Structure formats: C-alpha cells, structure tokens
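A.B. asks: no letters, just coordinates:
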C-alpha cells in the first residue's frame, strides 16, 4: 500500500451525522517527502475529523524527524519537527460561498499536502544540534565539541 494513501481520509460517514460528531485516529508513516525532496521520517499524526455546521473540520497534530546539519558545527543530526493545524472543508451550500476549501463530492480529503506545508514551515532556519554547541574554530575548522585546538586555547 502506498504510504501517501494513509493521508487520504474518507469523511463520508460524518456528512449525515449531527453537529458535534467526530472520530479521532492516529497515522504512523515511516516517511513522507515533499516536492523539494525534504524527507520527513517517523511521522506520527493524530487526526480528529468533526462534523460542524459548515462542513467537516479536520484537526491535525503531528511530529516528524528531518535530517539536517547544525549551523554551528556542520554535523548532521535529526531534528524533531512538530506542527498542528485545522482545516475546514465546507459543504457546497449558498451560505458557504465564501469558503476557501470545499468538501469534495467523494467525501475523501487528502491532508498530505497541508501536512507537508506545515512541517516545512517548522524547519528551523538555523538548526542547532544542541543549544550548547561550540561550533567550529574560525582558524582551523576544528569541531570544538570534539575537543580544543591550539587556536581556541590561545583565545582563552
């Protein structure tokens, strides 16, 4: 089974339910990849789909890991990324004419594009392997987390 199918959710059973009805479930995917080739690993998402007056509300809380490099010492490490978002899929009704997103006739919504967007937004611009990372020596390039060099000793 294609991993991306995990993120296609059939909401049809909620359409005729009363307002307030919901279902909550977890999605566990080994990895997902966006168009920029960012690979998010160990993706865990809790999804709640709720019947609301205007349509179907999808609420997602997710975590994932991404391989990146520390901006100070340049060592590779896995960064944990978290995000949460809500998306309203409105019914095709006159009073919802100004809605941004409408519920597809099939009742199936694909949350993968939104999840990728929100995870990507959470990638730090300057990732740090550790808040106490000492970085590299500006003279010789020695990783100061692994040990001192003669240049760092001179400055002390």
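C.D. replies: Great, that's in hand. Not measured: the values here are computed from a predicted model.
A.B. asks: use CA for all of it now, contacts and neighbours both
C.D. replies: OK.
A.B. asks: neighbours of residue 130, how many?
C.D. replies: As a burial measure, residue 130 scores 11 neighbours (other C-alpha atoms under 10 Å).
A.B. asks: likewise for the one 10 residues further on?
C.D. replies: Each residue near residue 140 was counted by other C-alpha under 10 Å, and the total is 11.
A.B. asks: quick one: average pLDDT of whichever strand or helix holds residue 118?
C.D. replies: Secondary structure assigned from DSSP states H and E places residue 118 in helix 112-121. For helix 112-121, mean pLDDT rounds to 95.
A.B. asks: from now on call the first residue 51
C.D. replies: With the count now opening at 51, the last piece we talked about shows up as helix 162-171.
A.B. asks: could you measure from the most centrally placed residue in the chain over to residue 131?
C.D. replies: Note on the chain: the residue nearest the mean C-alpha position is residue 169, at 2.6 Å, using C-alpha atoms, centre = their mean. Look at residue 169 and residue 131: by C-alpha to C-alpha, to the nearest Å, they are 7 Å apart.
A.B. asks: overlap in contacts of the two?
C.D. replies: Taking C-alpha atoms under 8 Å, 6 or more residues apart in numbering as the contact rule, residue 169 and residue 131 both touch residue 114.
A.B. asks: give the contact list for residue 184.
C.D. replies: By C-alpha under 8 Å, 6+ apart, the contact list for residue 184 reads 122, 123, 193, 194, 195.
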